[in-house]
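# only geometry, no sequence info:
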């Protein structure tokens, strides 16, 4: 029997460069109210939500146990609340396990991140490196991605022009997404002249600083009808961890994303990822990562990404209609933004971006320097 | 009180500041004091995987064997196999920007190590170049016991042409 | 001369001068008293990077006095006993400035008994850093309204439309009812003290990185207009720590705490410091 | 209670702990974690190849390492494996157990290794905890987990002399237990005749909370391996079954100032829910051992009433009659508890590990005499949060 979990409702606020007028509790509360309003779910100890899985990060919130600050606005007063501190896709995987284990029928997943609060994202991600060998060199997630971009572009003949197209396309797609971060439109020429910040990465190749909050209600397949007449099913999940030292990874590829994808596809019974999905959302924090993740998630033949892009593959295979992380989602929540787009598409609620008859979607999220940890989700209608 | 009346919202400048004391451990300390006192770079070897790791560690991540005593002395020079150029200044950076971070496979080691490359212009640097460690004047207690790596001129070219400031 | 762990206590004091580390004593200006039971008393004065040690009978006037038996003292010097453990188990007593006691470790190099020049242990590298990242903390509308209220010398509480519960400082939601709070009530400014945390231990303030002055009093005040556990958390005038009484409700037993009122800071910016502290209002 | 049968049973098959101390200058963070991981693998007779998934947990700001599970892969062995990271404050260790149990019970993973750690020597514990408070308010006021209110409550209800004596009795018993646990961080060999002296002269921290009452700040890690029922029986001759667990958190504001106003605590709420849905009406009779997360001697005494749903001064009597000793009627913290050992990210998983060792009968010097069938372990953290976990020797529920 294919084990699967129902997604009953999703809620989000608009991605913005700086939500100065709200603290993150207020951002989360809006998503919480929307979920309750959409589903009528309660927190009754018998029939209601008994466990909330949150996703946030203490360093970016500048606060120890930062889930303590949102326990009431996620409804978890005198209820369970467990914080997964990785990309939000893993909070979904964790919630899926809580349900399939039989411990909980209903799990609310809530995520928040306010990147505009810290004086510098790079100072925070520099702290992910060890204090003696890497941190003193000033390594952070940007410079780690710089190494990766060079290694990948050399091997895959993805060029600066391809990256420019990635950025333009991301902005174009996001313009149709009312919840996406509002960026000025940009031409490929603008991108090609955008200043280098960490060769070969240019400023426009990097996801901009963004504040956002998101919520999803998951429940057993049997009880989905109580909360929605338009359930989407999470049928596959897999993740995998890579080595820490950059020198001990082949930065031109990601064997770990390949493993994570394989685990998710095995669980969901996906035979050929090149044809199975009607929509694909890959977590492209940097322009070079979309083709790279596409190759390693089995969506494109290894080494064929450049040709695939030139042949318009991204639009044929409906990749990142949401605009992707490249348009702007905060660290920790990129994968949840991908998952949210897939669920909206499968529910037929993607408005101008709607892909007719979309029934099967792939979502992906990554954590750590240059994608040290990957998670893949399979959604089906 | 209207739900989205933000007239009273504002932002308070603050900070998160706490004292920390990190320990390199026995293996790390041996590596760092050897850099400082003997200007020598050490790695550790995993015999099962027949790989020499630098920086050194107690355990081989792949086969989990204990390799803390398998010290190997490495050359102070090696090959640049990847690099990036950090161009935007920030408080956690050890050098003024732009500065070059390189992945350097030291002769005798299997795993490339990240370090700073100096003495060459960003647009002149290329993978495959030979580099050599330049040790720091006074002790930093971290990998910065090596100040940076400089380019080793291919034989025949005098080093003065390449290294503009050393 | 008695010996424990191969350590002669007299020699420990006699070699203090040669083991003195001016850089370790930087900024230290204090008199340390040592009372080693059945052994003797020493007075160590440290200041401007210099030290003076003398054997004495009278340890009055010391900023901190350590009372310990010879065996425990020798054990700690030999590294066989952990100083904090001995302190916790009352095998060693520290009177006076407790935080100053922690400084002694840095002022001298490790004592090595004569003739026992043990082969130097491997140097274990450590890295001391204060990591500081600036933040832009958003108040949001609710906390913003409350903090602006303090600027105008008013203490506001937000009210739950469901159960009527007052919360100050305010929260967006009433946790038990899970609905948004939607109206404001002015409370206090005076009230009855419910809780006192009489803090002797100096902990760092993560907002500044500095260590707090001790002793200080963090208090819970049941401000006029509030009930049950709607208690306001702030500071007490440090001079009045010993003159206040905690109120309590224990089942049907009710004790009224000391009446307190806020002391408003002259220059108010919409922050917790707009109230300097609470003082007695009787 | 609408509580469903689980998908499949989950057994604890491997336990590993470091020697807890506050002087681990000899290792860096991943190396310390590796000691516990290695211990758990050896205890289970497994190698890293047998592990499907690793769950990592600690509190980032104690060591100021962002996303530490990345760097710590060197020690956790997570390379190439599925890997999760959970963190919920002091209850992190409890969440690790809940997470690992759910991951295995769900059928998604067969063998999961959960590891919690903290290296408090590398940070500032009280500063780190104070950081949990709202930066615009309580962060200016809170001093870590130190509070006098537990003492205020006991003194208000039972009088100064009785309350102080009960707390110090509890403290001395915990030290006696710690002296029998070679892994414990602090064992002072206190004895009964030191009672008066300790009550009078131990350095005060806050109000009646003195240094002797307060939990330690330790470096250490603890790893537990969980396996599906089928695998657990193959791997271990004495698997310990995770019967059920419940997490009960509450809102951000600390309600310390009113804990003497009759209110429901998360401890008693969790206990009522967990015992109710598992048909346990007398916890004092049912459980053979309880490893309680006791951050201070005052709280240790106070919470016995909440966890065992007692009335009046029954919990005080338990302490006064020394029922809570290793050979007493209701052994509490044979390991010495949190006052002796407190590497915060690991502290709550240590409770489960120690309760499991008692059920397996191989806790060594601090093993409870007789047959230990039913174990209880609690976690504490955040603003008075609870995770309560039930362990069983057999799967006959």
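Good, I have the coordinates. All values reported here derive from a predicted model rather than from experimental measurement. Numbering: from 1, shown residues only, chains lettered A, B, ... in the order given.
# can we go C-alpha only for contacts and neighbour counts from here?
Fine.
# which non-adjacent residue is nearest residue C:180?
In space, and not counting its chain neighbours, residue C:180 is closest to residue C:173: 4.3 Å by Cα to Cα, 6 or more residues apart in numbering or on different chains.
# flag every residue of chain B that's near chain D.
B:18-27, B:58-62, B:64 (Cα under 8 Å from any Cα of the partner chain).
# pick the one among those residues closest to chain D.
residue B:25 (3.7 Å; Cα to the nearest Cα).
# per-residue pLDDT, that closest one?
Per-residue confidence (pLDDT) for residue B:25: 96.
# could you do the one 5 residues further on as well?
Looking at residue B:30, its pLDDT stands at 97.
# same question for residue D:185.
On pLDDT, residue D:185 comes in at 94.
# next one: the residue nearest to residue C:180 from residue D:312, what distance?
34 Å (Cα to Cα, to the nearest Å).
# please narrow the residues of chain B next to chain D to those residing in strands.
Using DSSP state E, the subset of the residues of chain B next to chain D located in strands is B:18-23.
# dump these into a markdown table; add distance to chain C and neighbour count as well.
A markdown table is the format used below for these (distance: Cα to the nearest Cα, whole Å; neighbours: other Cα atoms under 10 Å in any protein chain shown):
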| residue | distance to chain C | neighbour count |
| --- | --- | --- |
| B:18 | 5 | 26 |
| B:19 | 4 | 21 |
| B:20 | 5 | 19 |
| B:21 | 4 | 16 |
| B:22 | 5 | 21 |
| B:23 | 4 | 23 |
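# show me where the chain dips below the pLDDT cut-off.
All of this is about chain A. Within chain A, the set of residues satisfying pLDDT under 70 comprises A:1-2.
# think we crossed wires, I meant chain B
Applying pLDDT under 70 to chain B flags residues B:1-3, B:156-166.
# go again using 90 as the cut-off
B:1-5, B:18, B:62, B:137-140, B:153-166 (pLDDT under 90).
# how far does the one helix or strand residue D:152 maps to sit from the chain's center?
Using DSSP states H and E, residue D:152 sits in helix D:149-158. Put simply, helix D:149-158 sits 23 Å off its chain's centre (Cα atoms, centre = their mean, to the nearest Å).
# elements contacting the helix or strand just after that helix?
Toward the C-terminal end, the helix or strand that comes next after helix D:149-158 (DSSP H and E) is helix D:160-179. Packed against helix D:160-179, as judged by 3 or more Cα pairs under 8 Å, 6 or more residues apart in numbering or on different chains; DSSP states H and E, are the following elements: helix D:149-158, helix D:195-201, helix D:297-307, helix D:314-320, helix D:337-340.
# mean confidence for helix D:160-179?
Averaged across helix D:160-179, the pLDDT comes to 97.
# near chain A, which residues of chain B are found?
B:6, B:9-11, B:16, B:22, B:24, B:55, B:61, B:82-88, B:90-94, B:101, B:103, B:111-116, B:141-144.
# among those, which lie within strands?
Among the residues of chain B next to chain A, the members falling in strands (DSSP E) are B:11, B:16, B:22, B:82-86, B:101, B:103, B:113-116.
# can you verify my assumption that the residue nearest to residue C:180 contacts residue A:74?
No - here residue C:173 does not reach residue A:74: they are 9.7 Å apart, not a contact under Cα atoms under 8 Å.
# distance of the residue nearest to residue D:228 when sequence neighbours are not counted from residue C:240?
Closest residue to residue D:228 apart from its sequence neighbours, by Cα to Cα, 6+ apart: residue D:10 at 4.8 Å. Computed as Cα to Cα, the residue D:10 to residue C:240 distance reads 57 Å.
# which residues touch residue 24?
No chain in the question, so chain A it is. Listed by Cα atoms under 8 Å, 6 or more residues apart in numbering or on different chains, the contact partners of residue A:24 are A:112-114, A:213.
# let me rephrase: I mean chain C.
Taking Cα under 8 Å, 6+ apart, we find residue C:24 in contact with C:106-108.
# going by distance to chain A, which of those residues wins?
Set against chain A, the nearest of those by Cα to the nearest Cα is residue C:106 (23.5 Å).
# that closest one is in what secondary structure piece?
In this structure, residue C:106 is located in helix C:104-107 according to DSSP H and E.
# run through who's touching the very next helix or strand once past that helix.
As assigned by DSSP H and E, the chain's next helix or strand after helix C:104-107 is strand C:126-138. Applying Cα under 8 Å, 6+ apart, the contact partners of strand C:126-138 are A:20-23, A:62, A:116-120, A:123, B:9-24, B:141, C:209, D:25, D:135-136.
# show me which of the residues you listed are buried.
When the contacts of strand C:126-138 are checked for burial by 16 or more other Cα atoms under 10 Å in any protein chain shown, the buried set is A:20-23, A:62, A:116-120, A:123, B:9-12, B:14-24, B:141, C:209, D:25, D:135-136.
# ok, now which ones touch the residue of the stretch 201-350 of chain A at minimum distance from chain B?
Per Cα to the nearest Cα, the residue of the stretch 201-350 of chain A with the smallest distance to chain B is residue A:247, at 4.6 Å. Neighbour list for residue A:247: B:103, B:111-114 [criterion: Cα under 8 Å, 6+ apart].
# apart from its neighbours in sequence, what residue is nearest it?
Leaving aside its sequence neighbours, residue A:247 sits nearest to residue B:112 (Cα to Cα, 6+ apart; 4.6 Å).
# go on, residue A:104?
Excluding its sequence neighbours, the residue lying closest to residue A:104 (Cα to Cα, 6+ apart) is residue A:98, at 5.8 Å.
# OK, contacts around the one you found?
Residue A:98 is in contact with A:104, A:107, D:99, D:102-103, D:106, counting by Cα under 8 Å, 6+ apart.
# what about stretch A:106-123, near chain D?
No - for stretch A:106-123, no contact with chain D is found by Cα under 8 Å from any Cα; the gap never falls below 10.2 Å.
# can you get me a residue count around residue 225?
With no chain named, the answer covers chain A. 14 (other Cα atoms under 10 Å in any protein chain shown).
# that's the wrong chain, I wanted chain C
15.
# how near is residue C:222 to chain A?
Distance of residue C:222 to chain A, computed by Cα to the nearest Cα, to the nearest Å: 22 Å.
# can you tell me the closest non-neighbouring residue to that residue?
residue C:231 (4.7 Å).
# I figured that neighbour was touching residue C:220, is that so?
Yes - counting by Cα under 8 Å, residue C:220 is a contact partner of residue C:231 at 5.6 Å.
# which residue is nearest the middle of chain B?
residue B:115 (3.0 Å; Cα atoms, centre = their mean).
# tell me which residue is most central in the chain.
Here I'm looking at chain A. residue A:335 (1.2 Å).
# hmm, I had chain D in mind actually
With the centre of chain D defined as its mean C-alpha position, the nearest residue by Cα atoms, centre = their mean is residue D:348, 3.0 Å away.
# any idea how far that residue is from chain C?
To chain C, residue D:348 is 23 Å away according to Cα to the nearest Cα.
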